[in-house]
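> My questions concern the predicted model and sequence given below.
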Amino acid sequence: MRDSFRVIHTDVEKVVIKFDPSLERYLKENIWHPSQVFRKEKDGGVVLTMEVSGLVEVMSWVLGFGRQAEVLEPVHLRQAVAEEIATTMGKYGREPLQPLQEGAEKIPWSERQAISARTCPKSLLPSPKSLLPTVNSVVR
């Protein structure tokens, strides 16, 4: 069970996941698996490599990071994550967005967050009053 990512034990495989730079501190402050190794990329991204079993649990964990994570290896895990995302988008009546073409300009992460905040339906955003109890409990 030492090789398991969480509970499920299957064959051990090398898993490589790239994360957005904004997650570096959070990722490195936690022990996700005894075999974890981090590498910083030139673009600021963080690559996590692990030798794990239980890829179903790894897939669920990666999906929790949304667009801030990308499975690089193994190919079958990358395909499974892509299929899960496409299926989920279909439930919302949307086709998956096309990936950027090679050489296309990427929008910096801070600008993507600002765009998301501007385009998010107001019905999904919490009202300022609903945040007050949370803020007040932290300030005390």
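Sure thing, it's come through.
> Please enumerate the strands of the chain.
13-19, 37-40, 46-52, 69-73 (DSSP state E).
> any residues touching whichever helix in the chain runs longest, and which ones?
Secondary structure of the chain per DSSP state H: the longest helix is helix 75-91. Helix 75-91 is contacted from outside by E13, V15, L55, V58, M59, V62, L63, V71, L72, E95, P96, using Cβ atoms under 8 Å, 6 or more residues apart in numbering. (Glycine included, C-beta is placed from N, CA and C.)
> what about stretch 39-59, how long is it end to end?
20 Å (Cα to Cα, to the nearest Å).
> now that stretch: mean pLDDT?
Averaged across stretch 39-59, pLDDT comes to 91.
> Show me what counts as buried in it.
Under the neighbour-count criterion of 16 or more other Cβ atoms under 10 Å, stretch 39-59 has G45, V46, L48, T49, M50, V52, S53, G54, L55, E57, V58, M59 buried.
> Which pair of those residues spans the longest distance?
Based on Cβ to Cβ, the longest span within the buried residues of stretch 39-59 runs between G45 and S53 and measures 25.4 Å.
> give the contact list for I17.
Each residue near I17 by Cβ under 8 Å, 6+ apart is listed here: V47, L48, V62, A69, E70, V71, L72.
> re the thing from before, orientation of the longest helix of the chain relative to strand 13-19 in degrees?
50 degrees (axes from the mean of the first three to the mean of the last three Cα atoms, to 10 degrees).
> burial count for W61?
15 (other Cβ atoms under 10 Å).
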